[in-house]
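Enquirer: Next comes the sequence, and after it the predicted model I'd like to discuss.
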Amino acid sequence: MKFSVEKDVLAEAVSWTARSLSQRPPSPVLSGILITATNGTVSLAGFDYEISAHLEIAADVATEGTILVSGKLLAEICRSLPNATATIETDGTKVTLTCGRSRFHLATMPVAEYPELPVLPEVTGVVDGEAFAHAINQVIVAASKDDTLPILTGVKMEIEDDLITFLATDRYRLAMREVHWKPSQSGISTSALVKAKTLNEVAKTLGSAGELKIALGEGNELIGFESGNRRTTSLLVDGDYPKIRSLFPENTPIHATVRTASLMEAVRRVAVVAERNTPVRLSFSGDQLSLDAGTGEDAQAEESIEAQIDGEEITVAFNPAYLSEGLNAFSSEYVRFSFTSAPKPAMMTAQSSLDGQDSDEYRYLVMPVRLPNLPN
Amino acid sequence: MTQGKVRAILHIDMDAYFVSVELLTRPELKGKQIIVGHPGERSVVLSASYECRALGVKSAMPMSIAMRMAPHAIVIEPSQGLYSMYSAKIMEIFREVTPLVEQLSVDEAFLDVTGSIRRLGPPEKIGQMIRARLRSELGLPASVGIAASKFVAKVASTGAKPDGMLVIRPEQTLAYLHTLPVGALWGVGAKTETVLREMGVTTVAQLAQTPQNTLSRRLGATGVHLHNLAWGLDDREVETEREEKSIGAEETFAIDLWDEDELRREILHLAHRVGARLRAAGKVAGVVALKLRYADFSTFSRSRTLPVPSNGATELVAAAEGLLEKLGPRPQAVRLVGIRAEKLGDAGGGMQLSIDPREEHWRQTEVTMDLIRSRFPAGALRPASLLDHGQKEKKPEQGS
């Protein structure tokens, strides 16, 4: 095998493929990147039984062939190469990588032992990459990072015709985001539970440019994503996801709208005196939102910001981290809080102007902290 | 420590405390061989009278061995409530002497009486006065050690036992310390003693003459600390408030355990105990640790941070079971299991509500259980899956 390609192209391809490799590969060959050179194209592949990654780059192929080399080492070498054309050439069981005046020799692993990569299921539809990435960033905020409940480390994707709904929760907050897409056939109705980590990776590396193809396998064991010359597959998370859609309230008699940036700043400041996991209290009253944190014996902080309130006065306490992380997911000028009553959860939605309507494309719901001195 | 001022520290240790308390209600047993402890196979001696100690019986010794040494000893089952009741009275007497009381256990404390000397007289007079009050007001004997540091005072009270007092003046400290074996030093347990013995060090005098570097190579920071102690150097203050850093409970099984269900039941049981203690202390746990000891005494401890600090047994159990899972299949029978709540925080900050209303229900159920248990004897109320477990303790042959 022998091919040449610009160093930048090679480095980018290798680093993307290497990202999908496991830190602790289930078998030694899976620490490798499989490189296949055929007529004018070189493909790179990585696999850890759960996630697979595959990409193709155009290259000047002199001799066709397939090799398997350590992904970690190859990625490190590629990062350090000088700016020049890189040539990869096999010589018996050794591989030589030449770039400018540097030359590296690497050992290869037996290609025959490398498992077959899962086939990308048939494409189910297409979504705008950027819209997908934005949606994922907003929804994974609420996904659990605690693996005691593996199901909650996943994001639920519910597909109904031309609408995908993403749902995530760690039991203390929920996020729901809707995205329109173009299904390849109408009337589709299915769902999948995908690890938040995987979706985040897809959003980062495949969501930046153009269309993103989504492929859901038969029996929903596997999900695939494809963008340009890159594709990745991931096993779905097993288990029954809690029915959280109904937890977003339909009728909310109390609304309050505040400037997103002002509230974010205020929460950040007030939370300085809130010790680990003690709450920040929000009182909506008149045309003000007052925040306070801390207890009488220790440090205290207060701040007020302007708010447009519709409905009766309400005071609720929240974990400041849940509040900031939620606010952070909004890019809108204003954010609307909707309550049924205290101490019920607060639902946050985006709003572009103070008097405008809110958009329920993205909904973030935070469960409150029950304060000892507040009535139930 | 205040520079230049010689401190007067008392270490007061009750003599055979549990036995002495039991004798208050059964004076007819005075002078007899008595052991306080559960008569069970795996339990240990909680306290032994001096008549038993003469035969070699020590506290924390397995009951079976103790019974071999003192076959005629009378075994008394411990009555917990009584010990803490008298303990409170003992500490009250101490606090009338000085507010600087550091309680080490139910029957042991350090007192810094430096500031009480002008009011009450020299330390030895204070020591005698306390001993006299303990004797006349409570009928309990105690030994007192007096020195310029906590550690020497502790050594002195050991030397004073039983029912005595030993004063070690600063100028006598080294001469006295250097007559002792290393085991007499506070903090030298069986392991450290073995390491020291391998180095040829068996007495405090030898320890003092061993270069500090040599000690720290073998024992790390402990080595340096012990070397300081061997020279009578200890400037630790009497700490009046000992903030609880963790709350835990553990259980040694009567018979090493293979049964996974039984193990999980014990974890549930321990989690309820730890949860109740956390709630009683007004604390929440940030971290939960699980300890597992196998039949060969190999011990594994694993911990994890809770998503939200909690004092609910349900959350403690979930974390502990997750840790158990991570340890993989049991390679041996389990001898001991323990749960510890760490990174404790104040529970007063409010409770993070969950989308799952069952969590809140559980929390309220547990608070109700605390209330009921506070009015009725322990064991009256427990999770259904533990009912069987409770009966098992009395009827070990009972299945399912």
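Expert: Great, that's in hand. Just so you know, these numbers come straight off a predicted model, no measurement behind them.

Enquirer: which residue sits closest to A:R103 in space, ignoring its chain neighbours?
Expert: Once flanking residues are discounted, A:R103 sits nearest to A:T96: 6.4 Å by Cβ to Cβ, 6 or more residues apart in numbering or on different chains. Every C-beta, even on glycine, is put in place using the N, C-alpha and C of the backbone.

Enquirer: which residues sit in contact with the one you found?
Expert: A:88-90, A:103-106 (Cβ atoms under 8 Å, 6 or more residues apart in numbering or on different chains).

Enquirer: Check the closest residue to B:A205 other than its chain neighbours and give its pLDDT.
Expert: Nearest residue to B:A205, sequence neighbours excluded (Cβ to Cβ, 6+ apart): B:H178, at 3.9 Å. B:H178 carries a pLDDT value of 90.

Enquirer: Next, work out how far apart B:H178 and chain A are.
Expert: Distance, B:H178 to chain A, by Cβ to the nearest Cβ, to the nearest Å: 48 Å.

Enquirer: A:E325 touches A:I140, doesn't it?
Expert: No: using Cβ atoms under 8 Å, A:E325 is not in contact with A:I140, being 10.4 Å away.

Enquirer: Quick check on the one residue in the stretch 301-400 of chain B that gets nearest to chain A: phi, psi?
Expert: Residue nearest to chain A within the stretch 301-400 of chain B (Cβ to the nearest Cβ): B:G349, separated by 3.7 Å. Dihedral angles of B:G349 (phi, psi; degrees, to the nearest 10) stand at phi -70, psi 0.

Enquirer: Equivalent analysis for A:A266, please.
Expert: The phi/psi pair for A:A266 (degrees, to the nearest 10) is phi -60, psi -40.

Enquirer: now B:E359, what's its secondary structure?
Expert: Look at B:E359: counting by DSSP: H, G, I helix; E, B strand; the rest coil, its state is helix.

Enquirer: what about the residue nearest to it when sequence neighbours are not counted, neighbour count?
Expert: Take B:E359 and drop its neighbours on the chain: the residue closest to it by Cβ to Cβ, 6+ apart is B:T314, 6.8 Å away. Counted with other Cβ atoms under 10 Å in any protein chain shown, residues neighbouring B:T314 total 20.

Enquirer: Up against chain B, what does the stretch 201-350 of chain A have?
Expert: Contact residues (Cβ under 8 Å from any Cβ of the partner chain) of the stretch 201-350 of chain A with chain B: A:242, A:244, A:247, A:275-279, A:295, A:317, A:319, A:343, A:345.

Enquirer: before we move on, the earlier item: CA atoms of the helix or strand where the residue nearest to A:R103 lies as CSV?
Expert: Element membership of A:T96, judged by DSSP states H and E, is strand A:94-99. Taking Å, rounded to 0.1, in the frame of the first residue of the first chain, the C-alpha atoms of strand A:94-99 are listed here in CSV:
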residue,chain,number,x,y,z
LYS,A,94,6.2,-2.1,9.0
VAL,A,95,4.6,1.1,7.9
THR,A,96,6.7,4.2,7.0
LEU,A,97,5.2,7.6,7.2
THR,A,98,7.3,10.3,5.4
CYS,A,99,6.5,14.0,5.6
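
Enquirer: for the residue of the stretch 301-400 of chain B closest to chain A, what are its contacts?
Expert: Contact analysis of B:G349 by Cβ under 8 Å, 6+ apart lists A:275, A:277-279, A:295, A:369.

Enquirer: Sort those residues by pLDDT and name the bottom one.
Expert: The lowest pLDDT within those belongs to A:N277, with 64.

Enquirer: For the residue in the stretch 201-350 of chain A that chain B sits nearest to, which non-adjacent residue is spatially closest?
Expert: In the stretch 201-350 of chain A, the residue that lies nearest chain B is A:T278 (3.7 Å; Cβ to the nearest Cβ). Among residues not flanking A:T278 along the chain, B:G349 sits closest, at 3.7 Å (Cβ to Cβ, 6+ apart).

Enquirer: how close does that neighbour get to B:G286?
Expert: The gap separating B:G349 from B:G286 is 12 Å, by Cβ to Cβ, to the nearest Å.
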